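A.B. asks: Let's see this in three dimensions:
(2 chains)
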Amino acid sequence: MFDDFNLIQNLINALQWGSFYALIALGYTMVYGVLVLINFAHGDVFMVGAYIAFFVASFVLSVLGLPGWAAFIITIPATMILTSMVGVSLERIAYRPLRRKGAHRLYVVITALMCGLILEHANLAIFGASRKAFPPLIEEHVYHLGGVTFTNLKIIVICAAIMSFLTLQWIVTKTKVGMAMRAISYDKFAVPLMGIPIDQIIVTTFILGSGFAGLAGVLFAMSYPILEPYMGALIGWKAFIAAVVGGIGDIRGAFLGGFLLGAVEILVVAFFPSSYRDLIAFSVLLVILSLKPTGLFGIAKTTKI
Amino acid sequence: MLRKYSVQLILIALGGIITYIAYQELVSLYILTVLMFMGVNIILSSSLNLVNGYMGEFSCGHAGFMCVGAYVSSVLGVLLFTKDKIFGAPLLNPDLAVYLFPVIIIIGGIAAALFGLLVALPSYKTRGDYLAIITLAANYIIISLIQNMDIIGGSRGFMGMKKVISNMEDVVYLPWMVIWVFVFTVGSIWILRRYVSSVFGKGVSAICQDEVAAEIMSVNTNKIKTITFMLSSGLAGIAGGLFAYIVGYVNPGSFNILKSTEALVMVYLGGMASLSGSVLSAILFTILLELLRPLQIIKWVVIPLILIVLMQFRPEGIMGNRELSDIFPKLKRFYRFK
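C.D. replies: Just a heads-up that it's a prediction; the model follows:
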């Protein structure tokens, strides 16, 4: 078992696998940071993103008849825009009325959970339970480098995750919108008094979060080209774990947590039967949360009476 | 006098009628099964209400504890009372199943309560969203543990419980499952009712209001949280054991997050911190689930939609923090349920 174990090979696999978690966890953590809302529908937004990518790519390839690389260039922005529209409509239809009423946070969380279920099963009802095969967009090249094999797709995925992280980090720390986001998470009631359009900022947050979930959907569909309605659920929950392990509400935490979880899962598969993957991933979460309840980057809040 | 015993009399009469109907086979097996599921759902929703409603935490992994109870009691039953391919000859005389069946179900509940510690111990330090994730993780951990145990079938599932039931019916011919589901349902409601109106129950609602203030007021929050989580998961385990024997087949996949969501829907439909609400909504929900069965997969679009609409317009649920006797005060004259 240990003979074919190659640390660098596993590390590359872990980076790729962790990239998906990181991309989705970024969306969780953005929404949580601004609204203090666990957007449980986010994993299913990712699934919807993968399906949108499937339809866009098939449309571009077969109807317009463009070559694969052109389809790749068109699919990514189109999917990101369409997926962020899904995210924004979720916010407009389900979350905003509750927020206006000042409902308890718990009710919003339940609404989010239910929205996820609706997305899953509406998809199942409309497109059926048969799995969809994603069309290959770019030609896959396999490179060998000193016993380590990697494909151009893996490099694209890892680069995309890192670039998304840098973009988000820049938006949140350097721009005016980001400053407004941080302000809302600091004090929700004083911010509108300062003339900041709170609803616009929240919509922007959802656009960013869902857009990156859409990106993750495209890349996931390209790497593992089989789509099914339940694919978002488990990956979504695990990405959420990644966000919590990193300290939810912190972008660096989500990014690091994603790669950490990816590494744990890949290493587990390298040493144990693959059916132990979920067991160990969730046990790691349990241990981390018991030792450091606020996650790696989270700050403990003092509770006042 | 009548007021004191009215609930007991009604319950005895109800139990007698249901048993008689089942014994004479006046209704089809399908309706009987739906009735039994109703009992299981009542136990599930009211025990989840203890944590989510009375204690104000957000537990979304209730099905995991149900899974523990289901597996422990069904494996124990098959091991002790039937001849099985894997476990060999029965360890005890199969006729003893009649007497030991409730014991098996309760052992399943105790095992589930021990797994409740998985959630109770981290809850000393965490609460709110983080605790919600821990309950979810507990659900997944339990399912994948069982999926990796090949001796009890792994992800293929486990069966053979019907033989235990037929053993029981060989000794004395009675509809045993109906009787035991009824007894356990009434028993769980009674225990929960006693618990929330006891001193512990006051501590539980103090934790719900403000945990820090409760601790300052000399409420031993860790002790109360441990007991509450264990009681809630133990009752879920009992519900799971009954579920396993009703269906005659268990499979770790059927205790996933969807099952937990069902329990959540029932709690929030009925109203937080209201036992009568939980009972009512469990009954309504079971009927609704059966009525929507022809819709097949669209059922799972309709049910979340109902809950979303409910959250928008009546977030406190049907009963919302009140019991039946608070809504109809005149009822107090006729019954007392403690």
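A.B. asks: and residue A:98, what does it touch?
C.D. replies: In this structure, residue A:98 makes contact with A:107, A:108, A:111, B:311, B:312, judged by C-beta atoms under 8 Å, 6 or more residues apart in numbering or on different chains. Just so you know, the C-beta spots here come from the backbone N, C-alpha and C atoms, and that holds for glycine as well.
A.B. asks: Residue A:275 reaches residue B:144, doesn't it?
C.D. replies: Yes - under the criterion of C-beta atoms under 8 Å, residue A:275 is in contact with residue B:144, at a separation of 7.2 Å.
A.B. asks: These two: who's more crowded?
C.D. replies: The neighbour comparison of residue A:275 against residue B:144 (other C-beta atoms under 10 Å in any protein chain shown) goes to residue B:144, with 21 against 13.
A.B. asks: hmm, back to that, who wins for most neighbours among the contacts of residue A:98?
C.D. replies: With neighbours defined as other C-beta under 10 Å, the most crowded of those is residue A:111; it has 28 neighbours.
A.B. asks: Tell me which helix or strand that one sits in.
C.D. replies: Under DSSP states H and E, the secondary-structure element containing residue A:111 is helix A:105-127.
A.B. asks: Can you name every helix or strand that that helix contacts?
C.D. replies: helix A:42-58, helix A:96-101, helix A:231-246, helix B:257-270, helix B:299-313 (3 or more C-beta pairs under 8 Å, 6 or more residues apart in numbering or on different chains; DSSP states H and E).
A.B. asks: what does the fourth one contact?
C.D. replies: This means helix B:257-270. In this structure, residues lying in contact with helix B:257-270 by C-beta under 8 Å, 6+ apart are A:110, A:113, A:117, A:233, A:237, B:41, B:44-45, B:48-49, B:52-53, B:60-64, B:66, B:136, B:139, B:277-282, B:284-285, B:300, B:303-304, B:306-307, B:310-311, B:317-319.
A.B. asks: just the last one next, same as before
C.D. replies: Contacts of helix B:299-313 with the rest of the structure, by C-beta under 8 Å, 6+ apart, involve A:94, A:97-98, A:103, A:107, A:110-111, A:113-115, A:117-118, A:120-122, A:124-125, B:258, B:265, B:268-269, B:288-289, B:292-293, B:295, B:317.
A.B. asks: just the buried members of those residues?
C.D. replies: The neighbour-count test (16 or more other C-beta atoms under 10 Å in any protein chain shown) marks A:94, A:98, A:103, A:107, A:110-111, A:113-115, A:117-118, A:120-122, A:124-125, B:265, B:268-269, B:288-289, B:317 as buried among the contacts of helix B:299-313.
A.B. asks: outside of the helix or strand bottoming out on mean pLDDT in chain B, which residues touch it?
C.D. replies: The helix or strand of chain B with the lowest confidence, counting by mean pLDDT, DSSP states H and E, is helix B:324-327 at a mean of 76. When contacts are defined by C-beta under 8 Å, 6+ apart, helix B:324-327 is touched by residues B:276, B:319, B:331, B:332, B:335.
A.B. asks: Buried residues, it. List them.
C.D. replies: Within helix B:324-327, the residues scored as buried using 16+ other C-beta under 10 Å are B:324, B:325.
A.B. asks: hmm, back to that, could I get the helices and strands packed on helix A:105-127 as CSV with distance to residue A:287?
C.D. replies: CSV is the format used below for the helices and strands packed on helix A:105-127 (distance: least, C-beta to C-beta, whole Å):
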stretch, distance to residue A:287
helix A:42-58, 23
helix A:96-101, 34
helix A:231-246, 10
helix B:257-270, 21
helix B:299-313, 33
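A.B. asks: Minimum distance to residue B:84: which of those helices has it?
C.D. replies: Comparing the helices and strands packed on helix A:105-127 by their distance to residue B:84 (C-beta to C-beta), the top pick is helix B:257-270, with 26.3 Å.
A.B. asks: circling back: most neighbours, which of the contacts of helix B:324-327?
C.D. replies: Neighbour count (other C-beta under 10 Å) singles out residue B:319 as the most crowded of the contacts of helix B:324-327, with 23 neighbours.
A.B. asks: Just want the most central residue of the chain.
C.D. replies: Just so you know, I chose chain A. Using C-alpha atoms, centre = their mean, the residue of chain A that lies closest to the mean C-alpha position is residue A:24, 0.8 Å off.
A.B. asks: The chain in question should be chain B.
C.D. replies: The central residue of chain B, meaning the one whose C-alpha is nearest the mean C-alpha position (C-alpha atoms, centre = their mean), is residue B:44 at 2.6 Å.
A.B. asks: Now it: phi and psi?
C.D. replies: For residue B:44, the backbone dihedrals are phi -60, psi -50 (criterion: degrees, to the nearest 10).
A.B. asks: residues contacting it?
C.D. replies: Residues B:62, B:66, B:236, B:239, B:262, B:263, B:266, B:282 are the ones in contact with residue B:44 under the rule C-beta under 8 Å, 6+ apart.
A.B. asks: what about the fifth one, how many neighbours?
C.D. replies: In this case it means residue B:262. The number of residues packed near residue B:262 is 20, by other C-beta under 10 Å.
A.B. asks: okay, it: pLDDT?
C.D. replies: On the pLDDT scale, residue B:262 is placed at 86.
A.B. asks: so how far is residue B:283 from it?
C.D. replies: 14 Å (C-beta to C-beta, to the nearest Å).
A.B. asks: tell me, what's touching the two both at once?
C.D. replies: Counting by C-beta under 8 Å, 6+ apart, the residues touching both residue B:262 and residue B:283 are residue B:41.
A.B. asks: Residue 181 - nearest residue in space that isn't next to it in sequence?
C.D. replies: Just going to use chain A. With C-beta to C-beta, 6 or more residues apart in numbering or on different chains as the criterion, residue A:181 has its nearest non-adjacent residue at 5.1 Å, and that residue is residue A:34.
A.B. asks: The chain in question should be chain B.
C.D. replies: Among residues not flanking residue B:181 along the chain, residue B:39 sits closest, at 4.1 Å (C-beta to C-beta, 6+ apart).
A.B. asks: Helix or strand next in line after the strand or helix carrying that neighbour, which one?
C.D. replies: Secondary structure from DSSP H and E places residue B:39 in helix B:29-49. Along the chain past helix B:29-49, the next helix or strand (assigned with DSSP H and E) turns out to be helix B:62-81.
A.B. asks: returning to what we had before: output the helix holding residue A:111 as CSV, nothing but the C-alphas.
C.D. replies: The C-alpha atoms that make up helix A:105-127 are tabulated as CSV, following Å, rounded to 0.1, in the frame of the first residue of the first chain:
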residue,chain,number,x,y,z
ARG,A,105,-32.3,34.1,12.4
LEU,A,106,-33.4,30.5,12.8
TYR,A,107,-36.3,31.0,10.5
VAL,A,108,-34.0,32.3,7.8
VAL,A,109,-31.8,29.3,8.2
ILE,A,110,-34.7,26.9,7.9
THR,A,111,-35.9,28.8,4.8
ALA,A,112,-32.4,28.4,3.3
LEU,A,113,-32.4,24.6,4.0
MET,A,114,-35.8,24.3,2.3
CYS,A,115,-34.7,26.3,-0.7
GLY,A,116,-31.8,23.9,-1.1
LEU,A,117,-34.2,20.9,-1.0
ILE,A,118,-36.5,22.7,-3.6
LEU,A,119,-33.6,23.3,-6.0
GLU,A,120,-32.5,19.7,-5.7
HIS,A,121,-35.9,18.1,-6.2
ALA,A,122,-37.2,20.5,-8.8
ASN,A,123,-34.1,19.6,-10.8
LEU,A,124,-34.8,15.9,-10.3
ALA,A,125,-38.4,16.4,-11.3
ILE,A,126,-37.6,18.5,-14.4
PHE,A,127,-34.5,16.7,-15.8
